[in-house]
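1. Here you go, sequence then predicted model.
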Amino acid sequence: IDALAELKIVVRAGAGFNTIDTKYARKKGIDVMNTPGANSNAVAEEVVAMMLADARHVVKADISTRSGKWEKKHFMGREITGKVVGIVGLGNIGQLVAKRLSGFEVKLYGYDPIISGDRARELNIELVDFETVFEKSDYVTLHIPENDETRGIVNAELLSVMKEGATIVNCARAGIIDEDSVRKVKNDK
């Protein structure tokens with residue numbers, strides 16, 4: 001902000017402000033705005049793409065194939081169909097993820113303290129508590145803001161209740177996951 005003496009406005013693509021010092025900007029007379037919903041569909045599609053890439057070992061298989069190997073049996077992977085997907089945060093993006101996954105015949109669990117039970121049922125989402133999402137899901141996808149209440153909310157305790165082989169897809173904010181806990185779980189295995 002200080003490097004741009006004539007700066008009048010900061011516009012962020014997407015909904016969050018956590019990467020912008022809004023208080024400092026406003027103190028300097030700089031408006032800060034966002035564009036909620038502008039990239040929602042793209043993020044929802046990215047979530048599905050990441051789940052498929054994980055399930056089918058796309059990245060590792062691509063690296064192997066480009067190196068001249070053909071290890072088809074090694075990278076068979078698993079299917080998404082019939083899996084349980086937990087969605088944390090059922091705002092615009094979380095709801096779009098549910099819609100995009102509908103063709104995969106997955107069981108959807110969701111956690112969001114605001115969404116109505118009727119709206120969740122319309123989306124074929126069973127509302128459950130936060131911990132249950134992690135306990136029962138093969139995939140957990142995160143769609144919550146990063147703030148003082150959510151920073152580090154995905155921690156060792158939650159990771160310890162997850163199914164063996166379960167995957168977290170975080171297309172929200174990095175800070176909602178306690179990365180030290182993830183490293184510890186990875187190193188313990």
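-> Done, it's in.
2. got the CA positions of the helix or strand hosting Ala49 in CSV?
-> Here Ala49, judged by DSSP states H and E, is contained in helix 40-55. The C-alpha trace of helix 40-55 is given here as CSV (Å, rounded to 0.1, in the frame of the first residue of the first chain):
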residue,chain,number,x,y,z
SER,A,40,-17.6,-19.4,-7.3
ASN,A,41,-18.3,-21.8,-10.2
ALA,A,42,-14.6,-22.0,-11.1
VAL,A,43,-13.7,-22.9,-7.5
ALA,A,44,-16.4,-25.5,-7.3
GLU,A,45,-15.1,-27.1,-10.5
GLU,A,46,-11.6,-27.0,-9.1
VAL,A,47,-12.7,-28.9,-6.0
VAL,A,48,-14.2,-31.7,-8.2
ALA,A,49,-11.0,-31.7,-10.4
MET,A,50,-8.8,-32.0,-7.3
MET,A,51,-10.9,-34.9,-6.0
LEU,A,52,-10.7,-36.7,-9.3
ALA,A,53,-7.0,-36.0,-9.6
ASP,A,54,-6.5,-37.5,-6.1
ALA,A,55,-8.7,-40.5,-6.6
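3. tell me the angle the helix or strand following it makes with helix 40-55.
-> Once the chain leaves helix 40-55, the next helix or strand it forms, by DSSP H and E, is helix 58-66. Counting by axes from the mean of the first three to the mean of the last three Cα atoms, to 10 degrees, helix 58-66 points 60 degrees away from the direction of helix 40-55.
4. what comes into contact with helix 58-66?
-> Helix 58-66 is contacted by residues Leu52, Ala53, Glu71, His74, Phe75 when judged by Cβ atoms under 8 Å, 6 or more residues apart in numbering. Backbone N, C-alpha and C define where each C-beta goes, glycine included.
5. Tell me how far it lies from the chain's centre.
-> Between the centre of helix 58-66 and the centre of its chain there are 24 Å (Cα atoms, centre = their mean, to the nearest Å).
6. hang on, the earlier thing: buried subset of the contacts of helix 58-66 as a ChimeraX selection?
-> Entered in ChimeraX, the line below selects the buried ones among these, by 16 or more other Cβ atoms under 10 Å:
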select :53,75
